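Engineer: here is a sequence with its predicted model. Questions after.
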Amino acid sequence: MTENIAYVRQTFVAQEPPPASATGAFAWARRNLFASITDSILSVVAIAVTVWFIYSSLDFLLFQAVWSGPDRTVCATVVQGGVQPEGWKGACWAYVGQWSTQFMVGSYPRDQLWRPIVVALLFVALLIPFLMPKAPRKGLNAILLLVVLPIIAYVLLLGGMFGLTHVETSLWGGLMVTLILSFVGIVVSLPFGILLAMGRRSNMPILKAACVGFIELIRGVPLITVLFMASVLLPLFLAPGTSFDKFLRALVGVSIFASAYMAEVIRGGLQAIPKGQYEGADSLGLNYFQKMTFIIMPQAIKLVIPGIVNTFIGMFKDTSLVSIINMYDLLGIVKASFGDAKWLTPVTPLTGLIFAGFVFWIFCFGMSRYSAFIERRLDRGHKR
């Protein structure tokens, strides 16, 4: 019947685009930045400060920076004994270039630099596929990265065997020390943290008391104290004449400290698992270790990935505290370079600290972005 009614539309009207004033960058800015007089004033001030900061930073870091030169004269004004005009302010990247080898490996013998280079290449070659979720042979990759590579690195870097010249750990330094301490701390702290967290939740009083005491003792003192005790007090408990390498003491101190914090992160994940998951695992007839390995722990670790990565990032930055035991990581070498009379200028310390901060930021930001990627990939119903 309706087919004979002329004024009844037989098709839907095509959807019209939204008004031009309601879409695009202009509409977004008006809605978010200039919605009121107060918002407009604050937005203008914030934009002006941001533009000034970005321009000043680029001017110092790039536009007026010195990229090459033999000594301090290229980074000093005429009044300071250099060649730059009065009032010049720019980064002295020439100094960073001259000190780049020390920043990377410290005082490692220059004729043996191929050894840390080989270790670095092996580390990158094994780490990249390990971080790729779809890369094949994960088990073999993990064994090579976490077991075989540390052995190879120990033989190559320390030497004294297979015809390699022995290099004292006191000569190690720079980014190499930072990465070794961080890598060992991460590899050791995660499994030990899991064991400590499980022990703290155990029904065995002695085991629980021991884990609680260890965790609370380590978390109750700063890392500097732990490093000082590992370096100075630990040899007092060993037999007379026992040699204990200072770098190994730093590794032990950092690993112990990180394990205590990691235990609390894992414990938070275990407490977030619903009771029904435990009961479901028990109903399947699984024993304790099967239940924790296949049911509980994977869920707990997935829930606390941000906390785990946060602990890793904090540990990576805290490696700079090894200077308390006369070991020099990247930041320690940078600070030591300030005393070089060949490059002594007002802009040298700031340039070195900016360089060290940028390197630390690259690694920390990379860990943060990778953790976000893993969180999105493992999301299975917890997204809100």
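Structural biologist: Arrived safely.

Engineer: can you pull the buried residues of the helix or strand containing Gly307?
Structural biologist: Assigning secondary structure by DSSP states H and E places Gly307 in helix 305-318. Buried residues in helix 305-318, counted by 16 or more other Cβ atoms under 10 Å: 305, 307-313, 315-318. For the C-beta atoms, the positions are set from N, CA and C on the backbone; glycine is no exception.

Engineer: again, but for stretch 109-120
Structural biologist: In stretch 109-120, counting by 16+ other Cβ under 10 Å, buried: 112, 115-116, 119-120.

Engineer: any idea how far stretch 142-155 is from the chain center?
Structural biologist: Relative to the chain's own centre, stretch 142-155 is displaced by 20 Å; criterion: Cα atoms, centre = their mean, to the nearest Å.

Engineer: likewise stretch 216-225?
Structural biologist: The chain centroid and the centroid of stretch 216-225 are separated by 21 Å, computed with Cα atoms, centre = their mean.

Engineer: tabulate the CA atom coordinates of it in CSV.
Structural biologist: Written as CSV, here are the backbone C-alpha positions of stretch 216-225 (Å, rounded to 0.1, in the frame of the first residue of the first chain):
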residue,chain,number,x,y,z
GLU,A,216,62.3,-6.3,54.6
LEU,A,217,66.0,-6.0,55.5
ILE,A,218,67.1,-5.3,51.9
ARG,A,219,64.2,-2.9,51.2
GLY,A,220,64.9,-1.0,54.4
VAL,A,221,68.3,0.2,53.4
PRO,A,222,69.5,2.2,50.4
LEU,A,223,71.4,0.6,47.5
ILE,A,224,74.5,2.5,48.5
THR,A,225,74.6,0.7,51.8
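
Engineer: rounded mean pLDDT for that stretch, please.
Structural biologist: Regarding stretch 216-225, the rounded mean pLDDT is 90.

Engineer: residues contacting that stretch, please?
Structural biologist: Residues from elsewhere that reach stretch 216-225 (Cβ atoms under 8 Å, 6 or more residues apart in numbering): 226, 253-254, 256-257, 259-261, 264, 318, 321, 324.

Engineer: thinking again about what came up before, same list (the buried residues of helix 305-318) but as a markdown table, adding distance to Ala22 and pLDDT.
Structural biologist: Conversion of the buried residues of helix 305-318 to a markdown table gives the following (distance: Cβ to Cβ, whole Å; pLDDT from 0 to 100):
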| residue | distance to Ala22 | pLDDT |
| --- | --- | --- |
| Ile305 | 39 | 90 |
| Gly307 | 41 | 91 |
| Ile308 | 43 | 92 |
| Val309 | 40 | 92 |
| Asn310 | 40 | 92 |
| Thr311 | 45 | 92 |
| Phe312 | 44 | 92 |
| Ile313 | 41 | 93 |
| Met315 | 48 | 91 |
| Phe316 | 46 | 92 |
| Lys317 | 45 | 91 |
| Asp318 | 50 | 89 |
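
Engineer: can I get the residues you listed in CSV including distance to Leu179?
Structural biologist: Listed next are those as CSV, based on distance: Cβ to Cβ, whole Å:
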residue, distance to Leu179
Ile305, 22
Gly307, 22
Ile308, 19
Val309, 17
Asn310, 19
Thr311, 17
Phe312, 13
Ile313, 14
Met315, 12
Phe316, 9
Lys317, 13
Asp318, 14
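
Engineer: which one of those is nearest Tyr55?
Structural biologist: Lys317 (29.0 Å; Cβ to Cβ).

Engineer: for Ile296, give me the pLDDT.
Structural biologist: For Ile296, the model assigns a pLDDT of 90.

Engineer: chain neighbours aside, what residue packs nearest to it?
Structural biologist: If you skip the residues right next to it in sequence, Ile296 has Ile273 as its closest partner in space, 5.7 Å away by Cβ to Cβ, 6 or more residues apart in numbering.

Engineer: burial count for that neighbour?
Structural biologist: In terms of burial, Ile273 registers 15 neighbours under the definition other Cβ atoms under 10 Å.

Engineer: numbering from 119 from now on, please.
Structural biologist: Right, with 119 as the first residue, what we last looked at is Ile391.

Engineer: how close does it sit to Met415?
Structural biologist: As judged by Cβ to Cβ, to the nearest Å, Ile391 and Met415 stand 9 Å apart.

Engineer: just to revisit the earlier point, which strands and helices sit next to the helix or strand just after the helix holding Gly425?
Structural biologist: Towards the C-terminus, the helix or strand next in line after helix 423-436, according to DSSP H and E, is helix 448-455. Under the contact criterion of 3 or more Cβ pairs under 8 Å, 6 or more residues apart in numbering; DSSP states H and E, helix 448-455 touches helix 218-223, helix 293-318, helix 466-496.

Engineer: return the most buried member of these.
Structural biologist: Scoring the helices and strands packed on helix 448-455 by mean neighbour count under mean count of other Cβ atoms under 10 Å gives helix 293-318 as the most buried, with a mean of 21.

Engineer: so what's the gap between it and the chain middle?
Structural biologist: 13 Å.

Engineer: hang on, the earlier thing: farthest pair in the contacts of stretch 334-343?
Structural biologist: Using Cβ to Cβ, the contacts of stretch 334-343 span at most 24.3 Å, a distance reached by Glu382 and Ile442.

Engineer: contact partners of stretch 246-265?
Structural biologist: Outside stretch 246-265, the residues touching it (Cβ under 8 Å, 6+ apart) are 241, 244-245, 305, 488, 495.

Engineer: could those residues go into TSV alongside distance to Gly450?
Structural biologist: Compiled in TSV, the contacts of stretch 246-265 are given as follows (distance: Cβ to Cβ, whole Å):
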residue	distance to Gly450
Phe241	21
Leu244	27
Leu245	25
Val305	23
Tyr488	27
Arg495	37
